[in-house]
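A.B. asks: Using only what follows, build the 3D model:
(chains A, B, C and D)
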There are 2 protein chains.
Amino acid sequence: MNQRLPVQGPQGDLLRLVATGRAESRAELSRLSGLAASSVSLRVEELIDAGLLAEEGAGTSRGGRRPRRLRLSPGAGVLAVADLGAHHVRLGLLDLSGEPLVVEERSCDITDGPRRTLDRIADAFDELLTEHVPPGVPLRGVGTGVPGPVDPVTLRVVTPSRMPGWNDFPVAEHLATRYDLPVLVENDANLMAAGEARWWPGTENLMVVKAGTGIGCGVIAGGRLHRGRGAAGDISHVRVRSDSSTVCACGHPDCLEAYASGAALMTALAEAGVTVTRPADIVTLVNDAVPEATSLVRHAGRRIGEVLTVLVNFFNPDVVAVGGSLSAAEPLLTSIRAAVWERCLPLATRDLEIAPARAGRDAALRGAGALLLEAALTL
Amino acid sequence: MNQRLPVQGPQGDLLRLVATGRAESRAELSRLSGLAASSVSLRVEELIDAGLLAEEGAGTSRGGRRPRRLRLSPGAGVLAVADLGAHHVRLGLLDLSGEPLVVEERSCDITDGPRRTLDRIADAFDELLTEHVPPGVPLRGVGTGVPGPVDPVTLRVVTPSRMPGWNDFPVAEHLATRYDLPVLVENDANLMAAGEARWWPGTENLMVVKAGTGIGCGVIAGGRLHRGRGAAGDISHVRVRSDSSTVCACGHPDCLEAYASGAALMTALAEAGVTVTRPADIVTLVNDAVPEATSLVRHAGRRIGEVLTVLVNFFNPDVVAVGGSLSAAEPLLTSIRAAVWERCLPLATRDLEIAPARAGRDAALRGAGALLLEAALTL
DNA sequence: CGGCTTATCTTCGAAATCGAAGGAAGTGAG
DNA sequence: CTCACTTCCTTCGATTTCGAAGATAAGCCG
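C.D. replies: Predicted coordinates for the structure are as follows:
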């Protein structure tokens, strides 16, 4: 079942251009790859013969002959990806275009430690594979997101705050013992950003804010995921302006997370006598026009927006996409926008779009697919 | 005198690798370009015959035969670059490795408007060229930095605060009428970052803070200059935490610039009865241990550091380089460091280096050269 | 409908690129 | 010093890639 793609350099490039949706025809491949049209035709023929690419009807004309659309052959392979949360893991199989074939959610406790958790994920992968993938279609790559920082060099989890037992654990190596394949391990917010990026074509610089139980942020800079040293995108422990003083779990006063995260809002609601168990419940309360909830969410949005002003001035993105379970609450986005428009430089906000995330619930899985394709379709 | 390089794709790549100092021998060129060693040899031979490359002795052995060092031929051409400030312009000629040949500083008033200012720069270029460049050595590119935001697409200056008459002026087009050559127009802090980048080899993610009359910042992300939509790197109008409330020239309260810029410090010193005319004078005062000056600089450093905490968490750079005329004051760097170490995530500061800028006074000119080489050595 | 324009894809000789093999010029160990 | 080994660079035949030209298939427009 394990089998690397027999695709060398230039062929891999072509395959990747099709897989990532950047090219749909030979002509587009020629334009994007820089290769001559004739060379592309030859290569594509080989890829079709190898069962990796397939022709699928005709595309839309741009004024001349209609292109013959290319797509990855369904039999070319699948990817197995997971997004690990604190209490749940969302996992599934993708085709080589990064489109989900099956997705399911299982409960799992991350505090069980890396071995048991990862093995359970791998078991789930195997189940899905036998159930949904015809024999002969190879698994081409495995990837998982984790709710903590990942060292981009060693692919180990580093000093995660809510993952006891995971510190410095070689996640990728562990998975690699079970799958002799390209393995991806990445922070969940980064995966979400990578997944979101496909929904904003032409957007070179993108920030994706994940407002859920915690507050995460993933960054696309120059069209590529910005990792920094593995911790990039952390905005939850930025100090916010505040009258009172709340100490965050990290030990510092007045972290954004302590005021504007789903967890903080739930605590505040509990103090006001309203009991909720998930951030999504807050959204329900807001939609039911419960004043305490609305006011809290609006406040949280302002706080997030104030932090974003700094980052928008500095990073000057084309788009800020807001996702996560809390983002379904209208007032959140509205007040983020208000804060940013008010305080940012006109030049930075001139063409800035602050919009709801588009990639939906499978954003992280799609992101894992997108990143894996880069690795799995080379060499 | 004007002449484009007769260098197509692959050759241009090779030339650029040598010019930017990334490769010094045929073997390195082969490794970095991905071309076969034999092809590189052929190409290099052609480039030498064309008078663009030259062999220069032998390099140091890596355990085998010593490489024959390659460098750009001194006769291959020069670049003319300028860095425009409010009252001065620093300009000079570079060889095609980006090394300065002549640099001089002239006074000039940016409020004279773009035409007169640019023409004066061009006149200065012509003088330098006739004086310092033998006839036959062609000018290969022209570039200038401006103290305001530049739209990376149109190469026009956009809404500059201190450049009356420059708004939306087509700087590049104006220069292009005089020079039929690649023309570069870029924000001065961005140029400084590009120039600094060469002094931090292996550093993919770099922030360069320029502390002078104003506060600027340039960003290198993934090894490339990050422009955003042209305004990236602006940190001067970030809101800082403050007891009192000072309104900045931009209309917002408590901008970093209003507290920590050289201009703000000079104002504060004047109020304390100490008159200074340039930010460099503040450094002198600090070195003479004038308590008011030291205290002010230390305060400014803290403020800058507090803003940097947000950005370091978010961007997670390898290096923060601090330059500009104020950076020569020891306490500035010290207090920036203190603020960042204190408040940033341990993961973000684990391998972070906060250090004085290395590129010196010609950083911006060198940066202009580095960016121009990318453009001038292609096609 | 029938030219005109635009675009996609293929064919085939010319040109560039590769890669294996080998010579040249070093290092280091015995 | 000699010998094994490494790295750098070139030579030369095999292969790949290019690019101009042509075939094919549309859309546009009176």
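A.B. asks: Every contact and neighbour count from this point should use C-alpha atoms.
C.D. replies: Fine.
A.B. asks: In chain A, which residue sits nearest DNA strand C?
C.D. replies: A:Gly64 (2.7 Å; CA to the nearest atom of the strand).
A.B. asks: Look up how far B:Glu342 lies from that residue.
C.D. replies: A:Gly64 sits 62 Å away from B:Glu342, going by CA to CA, to the nearest Å.
A.B. asks: So those two - more neighbours on which side?
C.D. replies: B:Glu342 (14 against 7; other CA atoms under 10 Å in any protein chain shown).
A.B. asks: which residues of the stretch 251-379 of chain A fall in strands?
C.D. replies: Using DSSP state E, counting those that start in this stretch, the strands of the stretch 251-379 of chain A run over residues A:319-323, A:353-356.
A.B. asks: How about the first one, which residues are buried there?
C.D. replies: When you say that, I think you mean strand A:319-323. A:319-323 (16 or more other CA atoms under 10 Å in any protein chain shown).
A.B. asks: can you redo the residues you listed as TSV with distance to DNA strand D and pLDDT?
C.D. replies: Converted to TSV, the buried residues of strand A:319-323 look like this (distance: CA to the nearest atom of the strand, whole Å; pLDDT from 0 to 100):
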residue	distance to DNA strand D	pLDDT
A:Val319	32	98
A:Val320	35	98
A:Ala321	35	98
A:Val322	37	98
A:Gly323	38	96
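A.B. asks: Dump those into TSV; add distance to A:Arg16 as well.
C.D. replies: Converted to TSV, the buried residues of strand A:319-323 look like this (distance: CA to CA, whole Å):
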residue	distance to A:Arg16
A:Val319	25
A:Val320	26
A:Ala321	25
A:Val322	28
A:Gly323	27
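A.B. asks: CA atoms only for stretch A:54-65, dumped as PDB, please.
C.D. replies: Listed next in PDB are the C-alpha coordinates belonging to stretch A:54-65 (Å, rounded to 0.1, in the frame of the first residue of the first chain):
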ATOM      1  CA  ALA A  54      -6.600  12.000 -16.200                       C
ATOM      2  CA  GLU A  55      -8.400  14.100 -18.800                       C
ATOM      3  CA  GLU A  56     -11.800  15.200 -17.800                       C
ATOM      4  CA  GLY A  57     -13.900  16.900 -20.500                       C
ATOM      5  CA  ALA A  58     -13.400  20.400 -21.700                       C
ATOM      6  CA  GLY A  59     -12.900  23.600 -19.700                       C
ATOM      7  CA  THR A  60     -14.200  27.100 -20.500                       C
ATOM      8  CA  SER A  61     -12.800  28.900 -23.400                       C
ATOM      9  CA  ARG A  62     -10.900  32.100 -23.000                       C
ATOM     10  CA  GLY A  63     -11.700  33.200 -26.500                       C
ATOM     11  CA  GLY A  64     -10.200  30.400 -28.500                       C
ATOM     12  CA  ARG A  65     -10.200  26.600 -28.500                       C
END
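A.B. asks: any residue of it up close to DNA strand D?
C.D. replies: Yes - judged by CA under 7 Å from any atom of the strand, stretch A:54-65 and DNA strand D are in contact via A:61-65.
A.B. asks: separation between the residue nearest to the spatial centre of chain A and A:Met207?
C.D. replies: Centroid-nearest residue in chain A: A:Met192, 1.7 Å away (criterion: CA atoms, centre = their mean). Using CA to CA, one gets 10 Å for the distance from A:Met192 to A:Met207.
A.B. asks: Just name the closest of the buried residues of strand A:319-323 to A:Gly92, please.
C.D. replies: Nearest to A:Gly92 among these: A:Gly323, at 20.3 Å, using CA to CA.
A.B. asks: Quickly list what that closest one is bridged to.
C.D. replies: Per DSSP bridges, the residues bridged to A:Gly323 are A:Lys210.
A.B. asks: Correct me if wrong: it contacts A:Ala357.
C.D. replies: Yes - here A:Gly323 reaches A:Ala357: they are 4.8 Å apart, a contact under CA atoms under 8 Å.
A.B. asks: so what sits against both of those two?
C.D. replies: A:Val208 (CA atoms under 8 Å, 6 or more residues apart in numbering or on different chains).
A.B. asks: What's the per-residue pLDDT of the closest residue in space to A:Ala27 that isn't next to it in sequence here?
C.D. replies: Spatial nearest neighbour of A:Ala27, excluding adjacent residues (CA to CA, 6 or more residues apart in numbering or on different chains): A:Ala37 at 6.6 Å. pLDDT, A:Ala37: 88.
A.B. asks: same question, A:Asp49
C.D. replies: So A:Asp49 comes in at 85 (pLDDT).
A.B. asks: For A:Ala293, see how far away it is.
C.D. replies: On the measure of CA to CA, A:Asp49 and A:Ala293 end up 59 Å apart.
A.B. asks: The two: who's more crowded?
C.D. replies: A count of neighbours by other CA under 10 Å puts A:Ala293 above the other of A:Asp49 and A:Ala293, at 24 against 11.
A.B. asks: Please look at the more buried one and A:Leu285 and confirm they touch.
C.D. replies: Yes - using CA under 8 Å, A:Ala293 is in contact with A:Leu285, at 6.2 Å.
A.B. asks: hang on, the earlier thing: nearest to B:Leu333, of the strands of the stretch 251-379 of chain A?
C.D. replies: strand A:319-323 (32.4 Å).
A.B. asks: Off-centre distance for that closest one?
C.D. replies: With CA atoms, centre = their mean, to the nearest Å as the basis, strand A:319-323 stands 12 Å off its chain's centre.
A.B. asks: Mind giving me the packing neighbours of that strand?
C.D. replies: Contacting strand A:319-323 under the criterion 3 or more CA pairs under 8 Å, 6 or more residues apart in numbering or on different chains; DSSP states H and E are the following elements: strand A:206-211, strand A:353-356.
A.B. asks: Surely A:Ile336 is in contact with A:Gly301?
C.D. replies: Yes - using CA under 8 Å, A:Ile336 is in contact with A:Gly301, at 4.7 Å.
A.B. asks: my guess is the residue nearest to the centre of chain A meets A:Gly367, correct?
C.D. replies: Yes - A:Met192 lies in contact with A:Gly367 (CA under 8 Å); the separation is 5.8 Å.
A.B. asks: tell me which element A:Cys115 falls in.
C.D. replies: Just so we're on the same page, residue A:115 is Arg rather than Cys. In this structure, A:Arg115 sits in helix A:114-132 according to DSSP states H and E.
A.B. asks: which residues are in contact with that helix?
C.D. replies: Taking CA under 8 Å, 6+ apart as the rule, helix A:114-132 contacts A:80, A:82, A:91-93, A:102, A:108-110, A:165-166, A:169, A:171, A:174-175.
A.B. asks: Output the set of residues of the stretch 251-379 of chain A in proximity to chain B.
C.D. replies: For the stretch 251-379 of chain A, the residues in contact with chain B (CA under 8 Å from any CA of the partner chain) are A:252, A:309-311, A:313-318, A:343, A:345, A:347-348.
A.B. asks: So which other helices or strands are in contact with the lengthiest helix in chain A?
C.D. replies: In chain A, taking DSSP state H as the definition, the longest helix is helix A:291-315. When contacts are defined as 3+ CA pairs under 8 Å, 6+ apart, helix A:291-315 packs onto helix A:256-260, helix A:262-271, helix A:279-287, helix A:330-343, helix A:346-349, helix B:291-315.
A.B. asks: Deepest-packed of the ones you listed, please.
C.D. replies: A comparison of the helices and strands packed on helix A:291-315 by mean neighbour count, using mean count of other CA atoms under 10 Å in any protein chain shown, puts helix A:256-260 on top with a mean of 26.
A.B. asks: what about dumping the CA coordinates of it to CSV?
C.D. replies: Extracted C-alpha coordinates of helix A:256-260, given in CSV (Å, rounded to 0.1, in the frame of the first residue of the first chain):
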residue,chain,number,x,y,z
LEU,A,256,-5.3,38.7,24.9
GLU,A,257,-6.2,35.1,25.6
ALA,A,258,-7.3,36.0,29.1
TYR,A,259,-9.8,38.4,27.8
ALA,A,260,-11.0,37.4,24.3
